[in-house]
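Colleague: quick one, what's the 3D model for this:
(chains A and B)
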2 protein chains.
Amino acid sequence: MPDHAAAIAAALDAAPDACLVVLTGGLGPTPDDLTAEAVAAWAEVPLQQDAAVAALLRARCEARGRPYGPNMVKQGMLPSGLDALPNPEGTAPAMVGDLRGRTLVLLPGVPSEMRVLWPLVEAWLDAGGRLGPARPVLLRRTTRLSEPVLDRLTAPLLAEFPGCAWSWWLTRWGVDVQALAPAGADAMPAGLAARLDEVLGDRIWAREFVDLPAVVLSALRDAGLTVAAAESCTGGLLGAALTDVPGASDAYRGGIVAYADDIKRDLLDVPAALLREHGAVSGPCARAMADGCRARCGADLALSVTGVAGPGGGSQDKPVGTVWIGLASAAGTFAGRTRFLAHRARNRELAVAVALDALRRHLAAGDDPFAHAEADGWS
Amino acid sequence: MPDHAAAIAAALDAAPDACLVVLTGGLGPTPDDLTAEAVAAWAEVPLQQDAAVAALLRARCEARGRPYGPNMVKQGMLPSGLDALPNPEGTAPAMVGDLRGRTLVLLPGVPSEMRVLWPLVEAWLDAGGRLGPARPVLLRRTTRLSEPVLDRLTAPLLAEFPGCAWSWWLTRWGVDVQALAPAGADAMPAGLAARLDEVLGDRIWAREFVDLPAVVLSALRDAGLTVAAAESCTGGLLGAALTDVPGASDAYRGGIVAYADDIKRDLLDVPAALLREHGAVSGPCARAMADGCRARCGADLALSVTGVAGPGGGSQDKPVGTVWIGLASAAGTFAGRTRFLAHRARNRELAVAVALDALRRHLAAGDDPFAHAEADGWS
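Modeller: Residues are numbered from 1 along each chain as shown, chains lettered A, B, ... in the order given. I've put the predicted structure just below:
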């Protein structure tokens, strides 16, 4: 919805049955930020200053040697009847409360600020008894499966467990599937969890909302092992995914981004003859990169990624989306090929997911994680 | 809005004055994907198969050795009156057309698919004369400025150039500001572009919708130079940002992710004594990392990043958000300190932006890009 007061009021009017309305954006310092003002006008209440927010913003400005000017004062002005949830990441607070018979939640639009404020909103909703009892839910996070394949695998369960509400969605790492217990039920149907696990097998990497790098780092920590990464087509994305997790330094040592082939040779000790004979996008190169990285970085394990992310660089033999993943450990050095069919950014993202998943399965089973890779339906 | 037919119909009814309604999501293979069905019911038109989409999906399934089953057939069924725009990235096509007096655009919800389909939607809107003449617009993409500071800098211009519609928004790289010409005007007011450039100075890195890594790679290519990256707290994010751009291999050679300090020593030749004396988060270390990376990777230039991304690891001297950026070139080796005040993910993202921007300014001016860094208002 546009940043116009009339459009915001129309949207609020358009949801007469909604018990909860969440508005995002338009709480910031600039003149196009007018959500608080529009909500106040819609509810026919005045804007009033929240003393705690004002004090916080004033202190923040002082700490930065900046003026506490009108664009700061503005962000502490709330529609009367709403409370502020201070923003630990930015200036604009969230605003929550009941107006004209519905619960309103106003959130700043910056994604990182929304993300950090949402748990505070949930806690506020919960504390006010606005959430009702939680409906039992089962989640399975998977990888190496496309959405249509996951749909085919789970389709029989819809009939076996009638009344559940099912959802499927793509993630950065693969596809998630979730089942809500039938309305009124106070537990999931017996046997559903076991059937999901049977159908999805080791493509499941989590049963709760954690991310794949956190799962892998935690398994490494439990095993007392460290990992390093040698990246070509992902250019650092694998290392970035691992170090996105606070405390990654316990288990992640670093790596080498060998985008140019002579860096594969000079910094990862991939023999020049191997590169000439097999090319950089090959099983032998993925294995040599993993071995070289493991030795150079002094890690217990090393992953490698080398492929054709696209849009250019493909050939008959090695079409765009061809990616080799390597894994070196004390147990041996393994490599597997995957073929993604998406665009550059998604191919790179999926390569990271497959690499992390290979490490996850190797840590669990100790064997060649690529043995069955080609049999999996992907993308 | 939830994936319920009634909610979708209510939302469509709630927009009686809208000339264009965009719906995202719910076009996929799983049973919770019911947007096409809900729109058909709302418009009281049948669903009918689009032969071209069906042929495309059938060919796609054959290429993957998968069955062309009901969940594929479903994705080729369109509300009568809408046309399909085939999806180059996935299975679900976009659906566009006019129903019940308004233009509808149905897009798959997967962000990467939405992104690739949107230009096709725009072309379709434009070809049908649905877009009207473009309003003149001025864009400035900046970095090293927070939104409140940008607001203060641009505030005088709102009065100087009345009638323009202004917007400001956060990006991965900093803050953008945009002005639309006054309604009915066929050009931007004279002098506005020059005033914006004067007020924002070298914080401007683009005047159109390109990303910072693409701007930097293009400047490197023009100068015939290559770059490498030595990363600690960003863990590969800088290399990932550069290699997100197709064709990055012309100018980006690779790098070393030195997350552990002994990798800084062994692979980047940072002297152990320097690490002991100054610590890893220091100007001397940033300079040594850049020098070591430039030599090891055989690049004309090297960037380095070393800091405390948070949430842990901060100290009195080096609080969370302290990041040193280094730059080594034939002209010398430079380093600058920044202090970000956001959370881990955003601190890392901003470190990448500052590093790329330092390189951009060094390529333009040839001098120490950190000379004025502390004077800039940031985050």
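
Colleague: burial of residue A:340, as a residue count?
Modeller: Residue A:340 has 23 neighbours, counted by other C-beta atoms under 10 Å in any protein chain shown. The way it works is simple: take the backbone N, C-alpha and C, and place the C-beta from them, glycine included.

Colleague: typo on my end, it should be residue A:106
Modeller: Quick note: residue A:106 (other C-beta under 10 Å) scores 27 neighbours.

Colleague: who does the host helix or strand of it touch, helix- and strand-wise?
Modeller: In the assignment (DSSP states H and E), residue A:106 maps to strand A:102-107. Under the contact definition 3 or more C-beta pairs under 8 Å, 6 or more residues apart in numbering or on different chains; DSSP states H and E, strand A:102-107 sits against strand A:20-24, helix A:35-43, strand A:94-99, helix A:111-127.

Colleague: change it to 10 Å
Modeller: In this structure, strand A:102-107 makes packing contacts with strand A:20-24, helix A:35-43, strand A:77-79, strand A:82-85, strand A:94-99, helix A:111-127, judged by 3 or more C-beta pairs under 10 Å, 6 or more residues apart in numbering or on different chains; DSSP states H and E.

Colleague: and for the shortest one, what's in contact with it?
Modeller: The one in question is strand A:77-79. For strand A:77-79, the external contacting residues (C-beta atoms under 10 Å, 6 or more residues apart in numbering or on different chains) are A:27, A:35-50, A:53-54, A:84, A:93, A:95-97, A:99, A:104, A:106.

Colleague: would you indicate which residues of it are buried?
Modeller: Residues of strand A:77-79 classed as buried by neighbour count (16 or more other C-beta atoms under 10 Å in any protein chain shown): A:77-79.

Colleague: kindly report the same for the last one.
Modeller: When neighbours are counted by 16+ other C-beta under 10 Å, the buried residues of helix A:111-127 are found to be A:112-114, A:116-117, A:120-121, A:124-125.

Colleague: show me the helices in chain A, by range?
Modeller: When secondary structure is read from DSSP state H, chain A shows helices at A:5-13, A:35-43, A:51-64, A:70-73, A:111-127, A:147-160, A:192-200, A:212-223, A:237-243, A:261-268, A:272-278, A:283-297, A:344-365.

Colleague: out of the ones you listed, which is closest to chain B?
Modeller: Within these, the stretch nearest chain B is helix A:237-243; the backing value is 2.8 Å (C-beta to the nearest C-beta).

Colleague: ok, so of the buried residues of helix A:111-127, who is nearest residue A:357?
Modeller: Here the nearest of the buried residues of helix A:111-127 to residue A:357, counting by C-beta to C-beta, is residue A:112; it sits at 26.5 Å.

Colleague: which residues sit in contact with that closest one?
Modeller: Applying C-beta under 10 Å, 6+ apart to residue A:112 gives the contacts A:89-90, B:170, B:342-346, B:349.

Colleague: need the mean per-residue confidence for stretch A:184-204.
Modeller: Per-region confidence: stretch A:184-204 scores 95 on mean pLDDT.

Colleague: end to end, how far does it reach?
Modeller: End-to-end distance for stretch A:184-204, by C-alpha to C-alpha, to the nearest Å: 28 Å.

Colleague: any buried residues in it, and which?
Modeller: A:188-189, A:192, A:196, A:199-200, A:202-204.

Colleague: biggest separation within those residues, which pair?
Modeller: Taking C-beta to C-beta as the measure, the buried residues of stretch A:184-204 span a maximum distance of 23.7 Å, between A:189 and A:202.

Colleague: by mean pLDDT, flag the weakest helix or strand of chain A.
Modeller: Lowest by mean pLDDT, DSSP states H and E among the helices and strands of chain A is helix A:5-13, with a mean of 79.

Colleague: packing partners of that helix?
Modeller: Counting by 3+ C-beta pairs under 10 Å, 6+ apart, the elements that helix A:5-13 packs against turn out to be strand A:20-24, helix A:35-43.

Colleague: and the ones you listed, which is most packed in?
Modeller: Mean neighbour count (mean count of other C-beta atoms under 10 Å in any protein chain shown) peaks for helix A:35-43 among those, with a mean of 21.

Colleague: rounded mean pLDDT for stretch A:331-342, please.
Modeller: Stretch A:331-342 comes out with an average pLDDT of 93.

Colleague: and stretch A:53-67, by the same measure?
Modeller: Stretch A:53-67 comes out at a mean pLDDT of 86.

Colleague: same check, this time on stretch A:287-306
Modeller: Stretch A:287-306 carries an average pLDDT of 98.

Colleague: does it reach chain B?
Modeller: Yes - using C-beta under 10 Å from any C-beta of the partner chain, stretch A:287-306 reaches chain B at A:296-299.

Colleague: tell me the pLDDT of residue A:87.
Modeller: Looking at residue A:87, its pLDDT reads 89.

Colleague: domains of chain A?
Modeller: Chain A resolves into domains spanning A:5-127, A:137-206, A:212-375 when parsed by automatic domain parsing.

Colleague: how about the residue of the stretch 1-150 of chain A found nearest chain B: what's its closest non-neighbour residue?
Modeller: Closest approach between the stretch 1-150 of chain A and chain B, counting by C-beta to the nearest C-beta: residue A:14, at 3.5 Å. With C-beta to C-beta, 6 or more residues apart in numbering or on different chains as the criterion, residue A:14 has its nearest non-adjacent residue at 3.5 Å, and that residue is residue B:14.

Colleague: burial of that neighbour, as a residue count?
Modeller: Applying other C-beta under 10 Å, we find 16 residues neighbouring residue B:14.

Colleague: wait, isn't it in contact with residue B:102?
Modeller: No - Residue B:14 is beyond contact range of residue B:102, at 12.0 Å (criterion: C-beta atoms under 10 Å).

Colleague: which residues touch residue A:81?
Modeller: By C-beta under 10 Å, 6+ apart, the contact set of residue A:81 is A:39-40, A:43, A:45-46, A:48, A:95, A:97-100, A:104.

Colleague: I meant to write residue A:305 there.
Modeller: Residues in contact with residue A:305 (C-beta under 10 Å, 6+ apart) are A:229-235, A:237-238, A:258, A:286, A:289-290, A:323-326, A:348, A:351-352, A:354-355.

Colleague: before we move on, the earlier item: of the contacts of residue A:81, which is the most crowded?
Modeller: residue A:39 (28 neighbours).

Colleague: so what pLDDT did the residue nearest to that one when sequence neighbours are not counted get?
Modeller: Distances taken as C-beta to C-beta, 6+ apart place residue A:79 nearest to residue A:39, at 4.9 Å, with adjacent residues excluded. For residue A:79, the pLDDT comes out at 95.

Colleague: try residue A:378
Modeller: Residue A:378 is assigned a predicted lDDT (pLDDT) of 54.

Colleague: and residue A:352, what does it touch?
Modeller: By C-beta under 10 Å, 6+ apart, the residues touching residue A:352 are A:172-173, A:212-213, A:229, A:231, A:234, A:237-242, A:303, A:305, A:323, A:325, B:240.

Colleague: recalculate using a threshold of 8 Å.
Modeller: Residue A:352 sits next to A:234, A:237-238, A:241, A:305 when contact means C-beta atoms under 8 Å, 6 or more residues apart in numbering or on different chains.

Colleague: right, and out of those, which lies closest to residue B:138?
Modeller: Minimum distance to residue B:138 across the contacts of residue A:352 is 33.9 Å, recorded for residue A:237 (C-beta to C-beta).

Colleague: if I look at that closest one, how far off is residue A:365?
Modeller: Between residue A:237 and residue A:365 the distance is 25 Å, computed by C-beta to C-beta, to the nearest Å.

Colleague: can I get the helices and strands packed on strand A:102-107 in a markdown table with distance to residue B:179?
Modeller: Converted to a markdown table, the helices and strands packed on strand A:102-107 look like this (distance: least, C-beta to C-beta, whole Å):
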| stretch | distance to residue B:179 |
| --- | --- |
| strand A:20-24 | 24 |
| helix A:35-43 | 21 |
| strand A:77-79 | 25 |
| strand A:82-85 | 31 |
| strand A:94-99 | 28 |
| helix A:111-127 | 24 |
